[in-house]
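Participant: Sequence first, predicted model second:
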Amino acid sequence: MIRKILFILSIVILGISSSATAAETADGLLKKAAAKISGSAGLTASFTLDYGSQKVSGTMKAAGKKFTLQTSSSSTWYDGKNMWTYNAKNAETTLMNPTAQEVAEANPLSIVNSYSSNFTAAFAKGQAKGSKTIILTPKSKQMGYKSVHVTIPDGSVFPSKLVVVPINGQKVTVTITQVKSVPKLPDSSFIYPKSKYPKVEIVDLR
């Protein structure tokens, strides 16, 4: 479940320009998002996930294909080749060389650059005053989602809420409390800090 939740964070730190004209398409806004992310030296974000009776807060750092995501229950580091996932409950870390699909499920950014292959985008009907909502509809039911709703406040360059509606299961709401561009992040930010977890077993699945 947590891997699927990480997948939806793909859209959390989109840099979407709210200065677009009414004539601009939803697809055009997402293309701007991809351009902003690929051109950024680094991004950080804070967020809260609500799904069912559970609520999880976390933070994220990203640069290009690399990312680090941390919550109270798990943490993930991806350096572009290796992916480490620490599970606090089991006190265990798994190490793997993920496939493209596995990266797509966990990478908080990959969906942005590949959304046109996996989703169709359209503005929601009945837009609320003061914000824009884009609905992403998966092209394949195998993705497991019925739709993804992204809300972008007017006057902001980042979304404030993300609602994921699965084909089966609990709706997930992501509330973004902070997201910003930062100077270049060191490569060490995306590598598992083994010294921080000296007694944690590493299960190598490569």
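Facilitator: Received, thanks.
Participant: Which parts of the protein are helices?
Facilitator: The residue ranges that make up the helices of the chain, judged by DSSP state H, are 2-8, 26-38, 100-106, 110-118.
Participant: hey, least reliable of those helices by pLDDT?
Facilitator: Per-stretch averages of pLDDT across the helices of the chain put helix 2-8 at the bottom, with a mean of 55.
Participant: what sits against the closest residue to Trp84 other than its chain neighbours?
Facilitator: Leaving out its chain neighbours, the residue that sits closest to Trp84 by Cβ to Cβ, 6 or more residues apart in numbering is Tyr192, at 3.6 Å. Every residue, glycine included, has its C-beta placed from N, CA and C. Counting by Cβ atoms under 8 Å, 6 or more residues apart in numbering, Tyr192 makes contact with 77, 82, 84, 86, 93, 95, 202.
Participant: again, but for Thr173
Facilitator: With Cβ under 8 Å, 6+ apart as the criterion, the residues that contact Thr173 are 49-51, 161-164.
Participant: quick check, nearest of the residues you listed to Val182?
Facilitator: Nearest to Val182 among the contacts of Thr173 is Leu162, at 21.1 Å by Cβ to Cβ.
Participant: Near the spatially closest residue to the closest one that is not a sequence neighbour, how many other residues are there?
Facilitator: Once its chain neighbours are removed from consideration, Leu162 has its nearest residue in Val174; the separation is 4.0 Å (Cβ to Cβ, 6+ apart). By other Cβ atoms under 10 Å, 23 other residues sit near Val174.
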